[in-house]
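Asks: Pasting the sequence and the predicted model now:
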Amino acid sequence: MTAKDGQKRKPGRPKGSGVIYGQDERNRILQRLEDGESLRSICKDETLPDERTVRRWADEDEVFAPQYARARNLALDKMAEDVIAIADDKEGDAARDRLRFDARRWYLSKLAPKRYGDRVAVDHGAQDSLSDLMAQIAERGRRAPGE
């Protein structure tokens, strides 16, 4: 069954079917997110709501929203641990492991740049303090033109 928006609906659950999900389903979603499973994969489970519903909860539900954010953060931590495990693994295909490592590292740097992004040092090249610069400007103002 396909919806107008192109997404497949779960069998037996037409749009607006009024299925009510309780805390148990929400807890299962949060636990699976914490374990690093994608929301898309979780929502393929026919006993759980579709992605749109879960994302709406994350945007609108005052109780679920912080729980969802925490689960996502824990999933990022798990992914960071996976990156280390991939790097430390001496078995397997080196090229594939490099791809897995780089993809996860890039993903982490985009989703949580303060935690997992590259540190960028900015050297603006200024040697003088602000007060020194202000004193120089004041001195120039006191000089007569052409001095």
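Replies: On my side now, so go ahead. Numbering: from 1, shown residues only.

Asks: What residues of the worst-scoring helix or strand of the chain on mean pLDDT count as buried?
Replies: Using mean pLDDT, DSSP states H and E, the weakest-scoring helix or strand in the chain turns out to be helix 130-142, at a mean of 78. The neighbour-count check on helix 130-142 (16 or more other Cβ atoms under 10 Å) flags nothing as buried. Just so you know, the C-beta spots here come from the backbone N, C-alpha and C atoms, and that holds for glycine as well.

Asks: go on, stretch 63-78?
Replies: Buried-residue list, stretch 63-78, by 16+ other Cβ under 10 Å: 64, 67-68, 71-72, 74-76.

Asks: And those, which two are furthest apart?
Replies: Phe64 and Leu76 (18.6 Å; Cβ to Cβ).

Asks: returning to what we had before: cross the buried residues of stretch 63-78 against helices and list the overlap.
Replies: 64, 67-68, 71-72, 74-76 (DSSP state H).

Asks: nearest to Ala58, of the buried residues of stretch 63-78?
Replies: Tyr68 (4.2 Å).

Asks: which residues does that closest one contact?
Replies: Going by Cβ atoms under 8 Å, 6 or more residues apart in numbering, Tyr68 touches 30, 33, 54, 57-58.

Asks: low-confidence ranges in this protein?
Replies: Scanning the chain for pLDDT under 70 picks out the ranges 1-18, 123-128, 143-147.

Asks: center of it - which residue?
Replies: Taking Cα atoms, centre = their mean, the centroid of the chain lies closest to Leu111, which sits 3.0 Å from it.
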